[in-house]
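1. Give me coordinates for this.
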Amino acid sequence: MNTTLPPRLSILIATANGELSSTLAATLRRLGLTNTRTARDSAEAFRLLSQSPHDAMIIDHAIGPEDGMTVTRRVRLNAAASNRGMAIVMVSGDMPPEQTREAQDAGIDEFIHLPVTAQILAARLESAIAAPRPFVVSPTYAGPDRRREEAPIEGQDRRTPANRGPKAT
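-> Here you go, the predicted structure:
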């Protein structure tokens, strides 16, 4: 399958589900993305994130012991983290719409309802990496601009654009 994503992207797969981890890694390989690492829980994800920069993280909402939203918030709100601006794609098998909105409020770039196909995974990664929304930083939120549509802003625009950092080529 063809994708516009650079083949040298560094992607962290964070899920406690071994079968899901294997499926995601195999799907990424089919897309030509072979530079992947796997974390089996949130503690291991933080350890791997502290060791090297990543371009993207695919995180299972039910990773444990912290859920994917908590992990995302911690990554996004840590101004010193080298991975703060990486693309974050959350996956979940069963998440009600209000929790999906909560995940967006935590700072995810994209969301995938399982099961996942190569086409869906490629589209979400391309959206988050190749065509990212502006990265916004405020005292209580850091992450992609949550608005998907342009709407006029009444008053002063107080959003602070932030650099997402370099992308692999």
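2. Where does the prediction get shaky in this protein?
-> 1, 148-151, 158-169 (pLDDT under 70).
3. dump the residue contacts of Val39.
-> Just so we're on the same page, residue 39 is Ala rather than Val. Ala39 is in contact with Leu12, Ile13, Ala14, Thr15, Ala45, Arg47, Leu48, Ile63, counting by Cβ atoms under 8 Å, 6 or more residues apart in numbering. For the C-beta atoms, the positions are set from N, CA and C on the backbone; glycine is no exception.
4. which of those residues count as buried?
-> Leu12, Ile13, Ala14, Thr15, Ala45, Leu48, Ile63 (16 or more other Cβ atoms under 10 Å).
5. Now intersect these with the strands, please.
-> Members of those lying in strands (criterion: DSSP state E): Leu12, Ile13, Ala14.
6. Save those as JSON lines, and put in distance to His113 too.
-> Formatted as JSON lines, those follow (distance: Cβ to Cβ, whole Å):
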{"residue": "Leu12", "distance to His113": "20"}
{"residue": "Ile13", "distance to His113": "17"}
{"residue": "Ala14", "distance to His113": "17"}
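7. Determine the longest helix present in the chain.
-> Counting residues, the longest helix in the chain under DSSP state H turns out to be helix 18-30.
8. Mind checking what helix or strand follows it in sequence?
-> Using DSSP states H and E, the helix or strand that follows helix 18-30 in sequence is strand 36-39.
9. re earlier: show me how far the longest helix of the chain is from its chain's centre.
-> Distance of helix 18-30 from the chain centroid (Cα atoms, centre = their mean, to the nearest Å) equals 16 Å.
10. can you check stretch 135-150 too?
-> That offset, for stretch 135-150, works out to 14 Å (Cα atoms, centre = their mean).
11. and it, which residues are buried?
-> For stretch 135-150, by 16+ other Cβ under 10 Å, it's Phe135, Val136, Val137, Ala142, Gly143, Pro144.
12. Out of those residues, which two sit at the greatest distance?
-> Val137 and Pro144 (11.1 Å; Cβ to Cβ).
13. quick one: which of the buried ones among the contacts of Ala39 is nearest Thr38?
-> Nearest to Thr38, judged by Cβ to Cβ, of the buried ones among the contacts of Ala39 is Ile13 at 4.8 Å.
14. That closest one: what's it in contact with?
-> Contacts for Ile13 were tallied using Cβ under 8 Å, 6+ apart; they are Ser21, Leu24, Ala25, Leu28, Thr36, Arg37, Thr38, Ala39, Met57, Ile58.
15. do Arg124 as well
-> Per Cβ under 8 Å, 6+ apart, neighbours of Arg124: Val89, Asp109, Glu110, Phe111, Ile112.
16. Would you map the strands across this protein?
-> In the chain, the strands defined using DSSP E lie at 11-14, 36-39, 56-60, 87-92, 110-113, 135-137, 142-144, 160-161.
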